[in-house]
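> Output the structure for:
(one chain, ligands or ions: 1)
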Amino acid sequence: MYESRSAIYKMLKDQAHKDRQINVFPAPYRSDATPYTQQDFSKVVKEACTTSRPVMAGLKISKAVFLGDVGVGKTSLINRFCHQIFDCNYKATIGVDFEVERFDVLQVPYNLQIWDTAGQERFKCIAASYYRGAHIVVVVFDLSSLMSLSHCSQWLREALAVNHGEPHIFIVGTKRDLMSRTAFSEVEDHAMRIAEEVGAEFWSVSSKTGDGVPNLFCRMAALSFDTSVRKEKETENGAITVGSDLVSTIMEKGSPPEVLYRAYFVPNRNTDIESVATSDPSGQETTQGHQELTFKDSRDFTETLLATVG
Ligand SMILES: Nc1nc2c(ncn2[C@@H]2O[C@H](COP(=O)(O)OP(=O)(O)OP(=O)(O)O)[C@@H](O)[C@H]2O)c(=O)[nH]1
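Below is the predicted model:
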């Protein structure tokens, strides 16, 4: 049966790799370089992950977009984390590319959609359409290029202009291996000031050596997971926003409880509701005029959501 599933579904991994199993809240790069001051998972999140783990296992997903000037090292950073490789030859990204990386956060499966956008001006309009609905915005610059650092605020403005949520924001300096100690320290001070101005967390990494890379991604995953579960618990019926088109709920009904997976598609916001609606016979119009789908199988639910978001 699974042979007919979409390619995106096949990207999902059954289990998180050891270094993507997060049970302790990851620290920032520097405690004075972040607006995110929490030092542990929220109490409500820890409780939810302990008491309702089977219910929560259906779907947890966040979208992260990487942007920044041409050649600053966005693709290299993603490749280092997702595939543990580094290529010193430059190959421009055409339009956008993406990966799905599986984590287990407090033993709850969690997927990070990682969108790599092109820095070249001619692809800007394509890439910009992918900024929408991002839970994490990562603006990348090259530590050896002050010009690329000075463009970070503009990249961020463009991403936030189409993003109506409150994404976690990171400013990441790459190619740390190329920097002398003195030069690095000067750029770091400058970058930390810019990050503070725009409300971002600052990191410096090297995709060549891998220095800082896993810590950065685990930090992103933990912050975003914590926020998404906390928001879910704050809303009455446990609604999770997935992108901006879609609200999903995972709930228990009846006795003994049966787990139901529900998705509401808000119309007219670029979501291909037609194809989703016909993919499951239980699709029906709700009184609010939203499209509602109910699934008993978390795999069908996950696949439909993944095929729709992004
Ligand atoms: N020494 C060193 N070189 C790096 C590092 N990160 C990237 N590079 C090199 O910088 C060049 C550009 O890297 P990419 O990852 O392709 O840059 P990009 O930001 O994805 O570029 P676009 O797709 O054009 O936007 C490549 O030659 C990489 O090998 C690093 O941490 N250290």
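
> list the buried ones in the helix or strand harbouring residue 44?
When elements are defined using DSSP states H and E, residue 44 is found to belong to helix 43-51. Across helix 43-51, burial judged by 16 or more other C-beta atoms under 10 Å covers 45, 48, 49. Every C-beta, even on glycine, is put in place using the N, C-alpha and C of the backbone.

> Same check on stretch 103-111?
Of all the residues in stretch 103-111, those buried under the rule 16+ other C-beta under 10 Å are 103, 104, 105, 106, 108, 109, 110, 111.

> Okay, angle between the helix ranked longest in the chain and helix 43-51 too, please.
When the chain is parsed with DSSP state H, its longest helix is helix 213-234. For helix 213-234 and helix 43-51, the angle between their directions (axes from the mean of the first three to the mean of the last three C-alpha atoms, to 10 degrees) works out to 90 degrees.

> and for the helix holding residue 44, what are the contacting residues?
Residues from elsewhere that reach helix 43-51 (C-beta atoms under 8 Å, 6 or more residues apart in numbering): 41, 56, 105, 106, 107, 108, 225, 226, 229, 230, 232, 233.

> got it, and stretch 25-40?
Here stretch 25-40 makes contact (C-beta under 8 Å, 6+ apart) with 41, 168, 192, 195-196, 199-204, 212, 215-216, 218-219, 222-223, 226.

> rerun at 7 Å
41, 168, 192, 195, 199, 201-204, 212, 215, 218-219, 222-223 (C-beta atoms under 7 Å, 6 or more residues apart in numbering).

> tell me what the longest helix of the chain is packed against?
Packed against helix 213-234 by the contact rule (3 or more C-beta pairs under 7 Å, 6 or more residues apart in numbering; DSSP states H and E) you find strand 21-22, helix 43-51, strand 61-67, helix 74-83, strand 96-105, strand 108-117, strand 168-174, strand 239-242.

> Of all those, which one comes closest to the ligand?
Of all the helices and strands packed on helix 213-234, helix 74-83 sits nearest to the ligand, with 3.4 Å by C-beta to the nearest ligand atom.

> Alpha carbons of the closest one, as PDB, please.
Output of helix 74-83 as PDB, limited to C-alpha atoms (Å, rounded to 0.1, in the frame of the first residue of the first chain):
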ATOM      1  CA  LYS A  74      23.000  28.300   3.000                       C
ATOM      2  CA  THR A  75      23.100  25.000   1.000                       C
ATOM      3  CA  SER A  76      26.400  24.000   2.600                       C
ATOM      4  CA  LEU A  77      24.900  24.500   6.100                       C
ATOM      5  CA  ILE A  78      21.800  22.400   5.300                       C
ATOM      6  CA  ASN A  79      23.900  19.700   3.600                       C
ATOM      7  CA  ARG A  80      26.300  19.500   6.600                       C
ATOM      8  CA  PHE A  81      23.400  18.900   9.000                       C
ATOM      9  CA  CYS A  82      21.200  16.700   6.800                       C
ATOM     10  CA  HIS A  83      23.800  14.600   5.000                       C
END
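
> interface residues of the chain facing the ligand?
Contacts of the chain with the ligand, taken as C-beta under 6 Å from any ligand atom, map to 70-76, 87-90, 92-93, 118-120, 174-175, 177-178, 206-208.

> 5 Å instead?
By C-beta under 5 Å from any ligand atom, the part of the chain that sits against the ligand consists of 70-76, 88, 90, 92-93, 118-119, 174-175, 178, 206-208.

> The contacts of helix 43-51 into a markdown table, with extra columns for pLDDT and distance to residue 136?
Compiled in a markdown table, the contacts of helix 43-51 are given as follows (pLDDT from 0 to 100; distance: C-beta to C-beta, whole Å):
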| residue | pLDDT | distance to residue 136 |
| --- | --- | --- |
| 41 | 95 | 17 |
| 56 | 58 | 20 |
| 105 | 93 | 14 |
| 106 | 92 | 18 |
| 107 | 88 | 22 |
| 108 | 88 | 18 |
| 225 | 93 | 11 |
| 226 | 93 | 12 |
| 229 | 86 | 15 |
| 230 | 84 | 15 |
| 232 | 75 | 17 |
| 233 | 74 | 20 |
